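In: What shape does this take:
(chains A and B)
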Amino acid sequence: MSDADRSADGPTVTIARSPIAAPEPLVPHRGWEVSGRRSAAALTITDLTPLAKVAVRAPMDGAVQRALGAPFGRAARDGAPALDGTLVVGSGPGEWLVLAPVGTAGEVREQLAGIVTEAGEFGTVVDLTHGRALLRLRGEASADLLAKVCAVDLSDAVTPDGAAFRSSVANLVTDVVRDDAGGVRSYLLHCERSSGQYLAAALLDAGAEFGIDVDGFRDPGI
Amino acid sequence: MTQGSTATATGAAMRLGPQPGEVIDRNRTIEFRWNGRAYQAHPGDTIISALAAAGERVFSRSYKYHRPRGLLTADFLDPGCQLQVGDEPNVRAAHRLVEAGMDVRSQNTWPSLKFDVKAVNGLAGRFLATGFYYKTFIKPERLWPAYERVLRKFVHAGEVSPDTEHGYYDKRYAHPDVLVTGGGPAGMAAAVAAARAGARVLLVEEEHHLGGHLRWGDDTARAVRAELAEQVRSEPGIEVLTDSVVVGRYDDNWIGVMQRNLPHVVERLVKVRAKSLVVAPGLVERPYVFTGNDLPGVMLSTAARRLINLYAVKPGERAVVLSANPEGDAAVADLQRAGVEIAAVADARRGQRVVRARGRGGVQSVELADGSRIDCDLLVTAVGWTAPTSLLNMAGARPVYRPEVARFVPDPAHTPDGVLAVGGIAGDGTLDQLREHADAVGREAARRAAQLAHRLHGALPTRPRDAAPQPAPVTDPVPIPELPLAEHPELFFSTHGFVDFSEDVSSKDLVTAVKEGYDSVELVKRYTTATMGPAQGKLETVNTVAIVAAATGRSIAETGTTTWRPMYAPVTLGALAGRSFEPIRHSPMQPWHERHGATPLVAGQWIRPEHYGDPAAEVRTVRSGVGIIDVTPIGKLDLRGPDVAKLLNLLYVNKWSKLDIGRVRYGVMCADDGVVLDDGVTGRLGDDHYLMSTTSSGAATVWEWVENWLQTEHPDWQVHVTPVTTAYASINVAGPRSRELLGRLTEGVDLRPEAFGYMNVRTGTVAGVQDCVLWRIGFTGELSYEIHLPASYGLHVWERLIETGADLGVVPFGVEAQRILRLEKGHFIVGQDTDGLTQGYTAGLGSLIKLDKADFVGKPELAWQAERGGYPQLVGLLPVDGDVVPPEASQIITGGGHIAGRITSSRMSPTLGRAICLGQVDSGLAEAGTRVTVRLPDGRDVEAVITAHHAQVDPEGERQRV
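Out: Numbers count the residues shown, from 1 in each chain, chains lettered A, B, ... in the order given. Presented below is the predicted three-dimensional model:
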């Protein structure tokens, strides 16, 4: 059962909203209001804020890290058997963010808590689904766009597919994950939820010269 | 073949027939305006080439003496070609491409460029003598405002309208292996070689096209240019930036590049971190100093060749050429081919010299050293080269002067590993020799870059752990052939003339400066301003040095040069600023606030509702009914682990060991010096789970503070801290009817006072949203509940509270109403009622500070403060005249006029109908009932009385405990 389903109680429908203004048409998706806009542009930006986002803290190179399958600086898809369909991001030393399909935060949190318990290390699991804004840039020019707002070397030699780092993007602390999709260069960017609209606007501004367009949410998004 | 001038279009009297290397598009003609008159041009023309094609020779008036100035270098550096284009002043018009509709004007000329009355300055030389900045317009001092008004009218810098629209500027970062600065033959060859060796190359060229001097060379030169340009184009590893310039080199090859030719971007600053830098700027042709050398019609050989070969413009009708090198000879050939009559060639290699040019408004005759006088309208000089070594100097290298080649030459032995030089700056030789040298340097630059990359990449966590190891780079250096240096006569000056055309500094000025005791070239520079103008020494430094050397009897090598510093080329402030990246933060309820007319308040990065029209009414509603406020910015930290209580005991001044699950407690943090750092409440949600709140402005500081203590002092403690400020939307429901309102929407929490008392915390469901945290606390002094709910549902819950509470008269209230409410209640705000010196006891925290705790941050200082006493105190104050609200920061003074405190917070209380205040006063004034004098900003004094409590409304706290 999704978060939204569990909380949709009573005559008023409980709607979860992203901090990023969604272009029309607005459509419901598992309790969230998302954009149904479709774009065929070569460079797109998509609001993935509705995805489940669960943070894990544990020793940097211990049993939890091995179980999650992603060391600091790297992201791994389906890193652990219990985490099918997720992307585990080694976002900091001893810090991970697990991205999962919309509405699965509770299940993922439980799975992660199990992993931590089994590892026997001091570790904690916190659901940050509602605490972070999440965006995806997709297109070969996405690195050129990011190079206008981020000082990190985005070459394959330094940040290949699967690289994860925290840096300043448009002067905002942002976690960046190189997550190529279908052979096309792509980046996930997540920041404090309250600055999500700012980050989206900054990326659209930087991407104007590359013809960036907004593409709506597509399930599963990750 | 001679191609005479053919008037191909109106206003193109000096336009030549097609030239093999021309860069203009003759198929199109565009129109622009010059000083109000219409002119024609072809795309590819610079503003100056188009005007020169129309027969114009004078483009500006000089800086001090307003002498007519024409074309000298026909490139970016040309000092006489800075013009106003529309709203943009100081445009380098010999570089800027002309565009249809451009409105081009001369700068600082009145009433016209041709008849500029300010030319009278030439007769007022006494006031503009050497170092006049330091000699004139100084006394009498009282006249300085008048001097300033007059001098401002003579400022030589165009005009910027205050109505000018902000241009779009931005930045970009780049991380090439090799940055090649200069796209001449050597730069191109080095770039190709580096790319073929596997390097990612950024090739930066100041001109609009690659090729350097090959562009205006002969058929062979143009063929080589085409070949190299094609090699560059076909190398995928090379990115080319034309009309761009490297403006500075800093440590570890942190390099600024100014890119100018982008659509919709005025200028872009590219911040480059290059592993290797290849410096390939070529050579800058040096002007010759002689009497009349600034007359329009005196130009460098490269300028004449650019005009003819690139823009098909005939530079003049009858020319004298002073040549000391093959390039000068080539200029003679080009002039002849263009149909210019060569009246004389003075061969400097055989000792011939030009000593004077005469004319009014332009060259009319030239005198040679042998006394001959030749009528002409064009004097072309080719007397040598300046090596623009700026980037090498910025890298720490000290190029040395070689008299036999009459220029400074880099010293590779004293150049950093990551910096190499190719092309004319490194030496001479045939084109093949230059290419061979550049090829080797390019490969070596790539090798050094690969070595550095191998060292750096091995430590990167972002690369896959199981990736195949990168192959070790080649370790053997690439042999680099020596470049020969061609002998060249030392030719700097013959008679007195202008040295710095930008600043109107003559060789006489330099000699005078030396006579006045300024015998160091660095002092001469600052005293005379030579080399300090827009050309920044590229044209005039070596001549300045040579003249100072001659005046002091030293050699050029002994005299040395001035220091080259960034920026190499002028940079607009817009480019340095780039886009305005100032992150802002919104709560999930922001759309509602905007729809309902909230007045926005900028609070740090947050945009908050200050009020919804009437803050006093909002206060009254909260006191009498119920209101809701968006308090999302309150800092929130999720604390988990068995050692959280230890952490809280360490950081707060009060005790935390016995906080039960379901309880919250107020706490204050002090820094090591006992100064109040932050405050807030922390609730215990589970055995090892706490939620800490901080002030809105202190959220980031407290997070860092907590992590700092954990990571540096107590890494053994098992505590994890997660900032969750924006994971929760936070709403305070306040007022006597808040329980009633919340009860309509809450499930799973018993709100009755006996079940959920003051300073307790519960979790439950609000408006259908699970996992909400409800705190019963009271910043407003009323019965109130602070709800922290999953942020994505914030707007939903807010709207439900407004809808559901309609019959209760619920209203939203903003930050201003909250400030009033808390002031009535006497709660202080960290940072407003405290400052950087306010220690805990001063803030009135005596009952909270527990000095019997074993340890906590700030304890020694607080213990000392308690022991010594006599500290200022935060007190409540009531102005005797309740209608007067002393502005915050009003001083509290003693009878002798000494400052004894200040008002820290003040408002008109809607509840009490009178002014109320908090303030800090000296200890002797803190007793309740003491009357103090408050000095208002307008100088009036008012009386105020110290009150027994900070709170003026419900000091016993009965309203919030119901």
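In: Helix, strand, or coil at residue B:881?
Out: coil (DSSP: H, G, I helix; E, B strand; the rest coil).
In: Surely it touches residue B:942?
Out: Yes: with contact defined as C-beta atoms under 8 Å, residue B:881 counts as touching residue B:942 (6.1 Å). (Each C-beta comes from the backbone N, C-alpha and C, glycine too.)
In: Compare these two (neighbour count), which wins?
Out: Neighbour comparison, residue B:881 and residue B:942: the larger count goes to residue B:942, with 17 against 12 (by other C-beta atoms under 10 Å in any protein chain shown).
In: Shouldn't residue B:230 be within a strand?
Out: No: counting by three-state DSSP, residue B:230 is not found in a strand; it is helix.
In: what about it, neighbour count?
Out: For residue B:230, the tally of surrounding residues (other C-beta under 10 Å) stands at 12.
In: now residue A:167, nearest residue through space, not along the chain?
Out: Sequence neighbours aside, residue A:152 is the residue nearest to residue A:167 in space, at 5.0 Å (criterion: C-beta to C-beta, 6 or more residues apart in numbering or on different chains).
In: residue boundaries of the strands in chain A?
Out: For chain A, the strands defined by DSSP state E cover A:16-17, A:26-29, A:32-35, A:44-47, A:52-57, A:75-77, A:87-92, A:95-100, A:124-127, A:132-138, A:164-169, A:172-178, A:186-192, A:213-214.
In: how about JSON lines for those, with mean neighbour count and mean pLDDT added?
Out: Output for the strands of chain A, formatted as JSON lines (neighbours: other C-beta atoms under 10 Å in any protein chain shown; pLDDT from 0 to 100):
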{"stretch": "strand A:16-17", "mean neighbour count": "26", "mean pLDDT": "96"}
{"stretch": "strand A:26-29", "mean neighbour count": "16", "mean pLDDT": "96"}
{"stretch": "strand A:32-35", "mean neighbour count": "22", "mean pLDDT": "96"}
{"stretch": "strand A:44-47", "mean neighbour count": "25", "mean pLDDT": "98"}
{"stretch": "strand A:52-57", "mean neighbour count": "25", "mean pLDDT": "98"}
{"stretch": "strand A:75-77", "mean neighbour count": "21", "mean pLDDT": "94"}
{"stretch": "strand A:87-92", "mean neighbour count": "24", "mean pLDDT": "96"}
{"stretch": "strand A:95-100", "mean neighbour count": "25", "mean pLDDT": "97"}
{"stretch": "strand A:124-127", "mean neighbour count": "22", "mean pLDDT": "98"}
{"stretch": "strand A:132-138", "mean neighbour count": "24", "mean pLDDT": "98"}
{"stretch": "strand A:164-169", "mean neighbour count": "20", "mean pLDDT": "98"}
{"stretch": "strand A:172-178", "mean neighbour count": "22", "mean pLDDT": "98"}
{"stretch": "strand A:186-192", "mean neighbour count": "25", "mean pLDDT": "97"}
{"stretch": "strand A:213-214", "mean neighbour count": "18", "mean pLDDT": "98"}
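In: Residue B:552 is in contact with residue B:559, correct?
Out: Yes: contact criterion C-beta under 8 Å: residue B:559 and residue B:552 qualify, at 6.9 Å.
In: Between these two, tell me which one has more neighbours.
Out: The residue with more neighbours, out of residue B:559 and residue B:552, is residue B:559; 21 against 17, by other C-beta under 10 Å.
In: and the closest residue to residue A:71 other than its chain neighbours, how far is that from residue A:165?
Out: Of all residues not flanking residue A:71 in the chain, residue A:90 sits nearest, at 5.2 Å (C-beta to C-beta, 6+ apart). Per C-beta to C-beta, to the nearest Å, residue A:90 is found 10 Å from residue A:165.
In: Between these two, which contacts overlap?
Out: Jointly contacting residue A:90 and residue A:165 under the rule C-beta atoms under 8 Å, 6 or more residues apart in numbering or on different chains are residue A:73.
In: and the closest residue to residue B:167 other than its chain neighbours, how far is that from residue B:717?
Out: Using C-beta to C-beta, 6+ apart and skipping the chain neighbours, the partner closest in space to residue B:167 is residue B:266 (3.8 Å). Using C-beta to C-beta, residue B:266 is found at 53 Å from residue B:717.
In: what do you get for residue B:98?
Out: Distance, residue B:98 to residue B:717, by C-beta to C-beta: 70 Å.
In: More neighbours: these two, which one.
Out: Between residue B:98 and residue B:717, residue B:98 has the larger neighbour count (other C-beta under 10 Å), namely 27 against 16.
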